[in-house]
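A.B. asks: Just the structure for this:
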Amino acid sequence: MTRILASTAALSLFAALAVAEETPSDPKQAELDGVISGVETKYKDVDALTARFVQTTKSSVFGDEKQAGELKVKRPSMMRWTFEGDGGKEFVTDGSTMWIYTKADNQVLKYEDVSSMKSQADSLLQSLDKLNELFEVKVVDDGDEAIHTLALSPREGEAQFKSLQLVLDQQYVIQGVTMTDAFDNVTELAFTEVNLGAELADGTFSFTVPEGAQLVDAGGL
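C.D. replies: Numbers count the residues shown, from 1 in each chain. Here you go, the predicted model:
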């Protein structure tokens, strides 16, 4: 009987240890795993999104600049950024060609190699369902319980930035992205009116060169 009780106790201890190994003992890791899972689940079935944005650029050389506009994104690689105002620009790609239209200069730059023009922020918006696969993720404790702030670094390839932060609300809807580049220039994107159920036709991402605008094949520069 003593041997049976001892064996039973040993098995119970082994089972308890096994459960302990499966359960993250670090609350921070448990929080991170929960946020990553929440984000990926939120965006796995999102094929398109639209949002209003305010972009603030801070540079020690060129000073600060703030612009507002509208963003439209559709997987796998279509985007349209429309910046408002007299100095507004349009960045449009159908997945194969990138068009950059500057109203003030009445000029259009055409890039056939889209991959060379995509920013890390662009890639992030397209890939929120693969957050853990593409990025090393850390939770930033900023004291604001109403949002999730995540620090990201790419798992593969050379980073285009010194730091990249993603901000989401409690329902994992994207609120902002902040990127610091190699020259310490900071670009902040704040999103509002985010629609994760947008229906966008592929034609939304076609571009027609405005009449009279100068067309420059940037691939030949």
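
A.B. asks: Quick check: nearest residue in space to residue 59, chain neighbours excluded?
C.D. replies: Leaving aside its sequence neighbours, residue 59 sits nearest to residue 185 (C-beta to C-beta, 6 or more residues apart in numbering; 4.6 Å). Where C-beta positions appear, they are placed from N, C-alpha and C, glycine not excepted.

A.B. asks: List the contacts of the residue nearest to the spatial centre of the chain.
C.D. replies: Centroid-nearest residue in the chain: residue 124, 2.8 Å away (criterion: C-alpha atoms, centre = their mean). Shown in contact with residue 124 (C-beta atoms under 8 Å, 6 or more residues apart in numbering): 135, 152, 164, 166, 177.

A.B. asks: before we move on, what about residue 147?
C.D. replies: 167, 168, 169, 170, 175.

A.B. asks: so which strand or helix has the residue nearest to the centre of the chain?
C.D. replies: helix 120-126 (DSSP states H and E).

A.B. asks: ok, then the element right after that helix?
C.D. replies: Proceeding N to C from helix 120-126, the next assigned helix or strand is helix 131-134, under DSSP H and E.

A.B. asks: list the helices and strands that next one packs on?
C.D. replies: Applying 3 or more C-beta pairs under 8 Å, 6 or more residues apart in numbering; DSSP states H and E, we find helix 131-134 packed against helix 27-43.

A.B. asks: Scan the helices and strands of the chain for the one with the lowest mean pLDDT.
C.D. replies: helix 2-22 (a mean of 41; mean pLDDT, DSSP states H and E).

A.B. asks: still on that earlier bit, what's the closest of the contacts of residue 147 to residue 80?
C.D. replies: Within the contacts of residue 147, the smallest distance to residue 80 is 20.5 Å, found for residue 175 (C-beta to C-beta).

A.B. asks: can you give me the strands for the protein?
C.D. replies: In the chain, the strands defined using DSSP state E lie at 48-59, 63-74, 78-83, 89-93, 98-102, 107-111, 135-139, 147-154, 163-169, 174-180, 186-195, 214-217.

A.B. asks: could you redo those as TSV and give each row distance to residue 206?
C.D. replies: Compiled in TSV, these are given as follows (distance: least, C-beta to C-beta, whole Å):
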stretch	distance to residue 206
strand 48-59	15
strand 63-74	12
strand 78-83	10
strand 89-93	8
strand 98-102	9
strand 107-111	13
strand 135-139	31
strand 147-154	30
strand 163-169	29
strand 174-180	25
strand 186-195	21
strand 214-217	15
